[in-house]
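need a structure here:
(chains A, B, C and D)
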2 protein chains.
Amino acid sequence: MAVPSRRRIPEATVARLPLYYRALLEVADKDVGTVSSERLAELAGVNAAKVRKDLSYLGSYGTRGVGYEVEYLLHEISRELGLTEDWPVVIVGVGNLGAALANYRGFGARGFQVTAIVDADVDKVGRRISDLVVEDIGDLSRIVEERAIAIGIVATPASAAQEVADQLVDAGVRSILNFAPAVITVPSHVSLRKVDLATELQILSFYQRRLTAVAPAGAHSGASANDDDGPEGRR
Amino acid sequence: MAVPSRRRIPEATVARLPLYYRALLEVADKDVGTVSSERLAELAGVNAAKVRKDLSYLGSYGTRGVGYEVEYLLHEISRELGLTEDWPVVIVGVGNLGAALANYRGFGARGFQVTAIVDADVDKVGRRISDLVVEDIGDLSRIVEERAIAIGIVATPASAAQEVADQLVDAGVRSILNFAPAVITVPSHVSLRKVDLATELQILSFYQRRLTAVAPAGAHSGASANDDDGPEGRR
DNA sequence: CCGACTTTGAGAATCCGGTCACAAAGTCCT
DNA sequence: AGGACTTTGTGACCGGATTCTCAAAGTCGG
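Coordinates of the predicted model:
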């Protein structure tokens, strides 16, 4: 039955929903009508059975013998991911990365709006970035409250990361995306994800070594750590 | 026995080695001598049993009743990760992100050296970024060969990502880190990892919705997709 | 309206990773 | 030298995620 049915959605599935979402946007442009799990799998770079199982957690959308109706599925996934509402975001740290993220149209694109940029460095406060002015981190609580910010991005040096995270949590932020190369801990009611450039390269380096040392192909397969699939041969 | 013993190292473990590496660097500064798995776990934000199991895959370094000798372990991990050699890196795409990555001291720090930046846009070719000059993507093969580049970073718009990846592969690159919000496929002898900003935010958004809708704490726990642990309460 | 065909949804089996628990191996104090 | 204590290394267990497989449910042409 097409009732949403509040089952618990496995984390691995949640991590793939954005992939399906993106894939669906692609087909929505060109084609119309429906997609099969097969095609969706191809676009998302995963296997078809997984697509079907993942989607089945959301409820039984999809028609046997036909596939999934693109528009409807798109709607359901975006609802599930909370992309129907707009999430204001604050970026902490105006370094190369912070500035780049602020300028990045890409999540600005879908539902996420960088609403504030703060830094501890008084020299940087007042500077213009994109269409925002850098504000003082001391005003974080006020800023977060006034603009109903729920998501914070940490783009500071490693040394400041934990303290900044603490401040974000105190200010009332409920989700943190950490770009600083440091482990940070947060209370259990706050969600935390991290993106670590150096770590990613080091992982690649590991497999690179393997490749050059041992010869045979197909030795490794990407990394579960990435959420991903790993290198499949070109289809 | 302290023989390296070529066992196969699980992917999940590989993804955590950089964490241990970073943690070890921290203690190497301050303390000296040894660390326990307990302490290492704390610094890396994982649990102690996992640390021990992970390290045991590398061989039995570590002394019962004492812990792990910091310098030695550091050396072993960096050897395993291939950080003893220097990896030249090429960045493709000079947008906000590409430029930020080029400037980013952070992986420049350990073993990874951005040696070339290329773009397809002739207006951008010739521009200075950091201490490099943007080169034409048409010269990619020559550049990769001349400078023995093994790792490529894709920082282009989604629409160009697959083509760029193809060019990188053709040029001889063996590892690719993809920042473009698109699924790309590579032959099986090439390693691929991806970093997707929008995806990360969407995952956070999912859990955010849960938090505000359903109340109880401890509902979710980060994401395996991130490699990570997830929110533990502050210890 | 029937039979061939397509594609989903989900049960079962398998794989992989995480956690627990404890013996083994060492240190250190007396 | 011996006993208490610490900490590693690993075998056993457990749970989640992936893959396989196939019945069920639908479409579509004739």
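
which of the residues in the biggest helix by length in chain A are buried?
Identified as the longest helix of chain A according to DSSP state H is helix A:11-29. Neighbour counts over helix A:11-29 (16 or more other Cβ atoms under 10 Å in any protein chain shown) mark A:11, A:13-24, A:26-27 as buried. The way it works is simple: take the backbone N, C-alpha and C, and place the C-beta from them, glycine included.

Just confirm yes or no for it near DNA strand C.
No: legend: contact between helix A:11-29 and DNA strand C by Cβ under 7 Å from any atom of the strand is lacking; minimum distance shown is 11.0 Å.

does that helix come close to DNA strand D?
Yes: Helix A:11-29 is in contact with DNA strand D by Cβ under 7 Å from any atom of the strand, via A:11, A:12, A:13.

in stretch A:126-145, what's buried?
A:129, A:132, A:134, A:135, A:137, A:140, A:143, A:144.

Likewise for stretch A:158-168?
Those would be A:160, A:161, A:162, A:164, A:165, A:167, A:168, for stretch A:158-168 by 16+ other Cβ under 10 Å.

would you turn the residues you listed into CSV with distance to residue B:184 and secondary structure?
Shown next, in CSV, are these (distance: Cβ to Cβ, whole Å; DSSP: H, G, I helix; E, B strand; the rest coil):
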residue, distance to residue B:184, secondary structure
A:160, 34, helix
A:161, 30, helix
A:162, 34, helix
A:164, 33, helix
A:165, 32, helix
A:167, 37, helix
A:168, 33, helix
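
for chain A, what are the low-confidence residue spans?
In the predicted model of chain A, residues A:1-7, A:31, A:107-109, A:212-235 satisfy pLDDT under 70.

Could you pick out the residues of it near DNA strand C for me?
A:35-38, A:48-49, A:52-53, A:55-56, A:60-68, A:224.

Of those residues, grab the buried ones for ChimeraX.
Selection command for ChimeraX covering only the buried members of the residues of chain A next to DNA strand C, criterion 16+ other Cβ under 10 Å:
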select /A:35,36,37,52,55,61,62,67,68,224
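
Which ones among the residues of chain A next to DNA strand C also lie next to DNA strand D?
A:49, A:53, A:63, A:64, A:65, A:66, A:224.

Among those residues, name the ones in strands.
Using DSSP state E, no member of these falls in strands.

May I ask which two of those are separated the most?
Farthest pair in those (Cβ to Cβ) is A:65 and A:224. Separation: 33.2 Å.

and chain A, which residues reach DNA strand D?
A:10-13, A:46-47, A:49-50, A:53, A:63-66, A:224.

Could you export those as TSV, including distance to residue B:90?
Shown next, in TSV, are those (distance: Cβ to Cβ, whole Å):
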residue	distance to residue B:90
A:10	37
A:11	34
A:12	32
A:13	35
A:46	28
A:47	31
A:49	37
A:50	33
A:53	38
A:63	46
A:64	47
A:65	47
A:66	45
A:224	27
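
Restricted to helices, list those residues.
Those of the residues of chain A next to DNA strand D lying in helices (DSSP H): A:11, A:12, A:13, A:49, A:50, A:53.

Which two of the residues you listed have the greatest separation?
A:11 and A:49 (18.3 Å).
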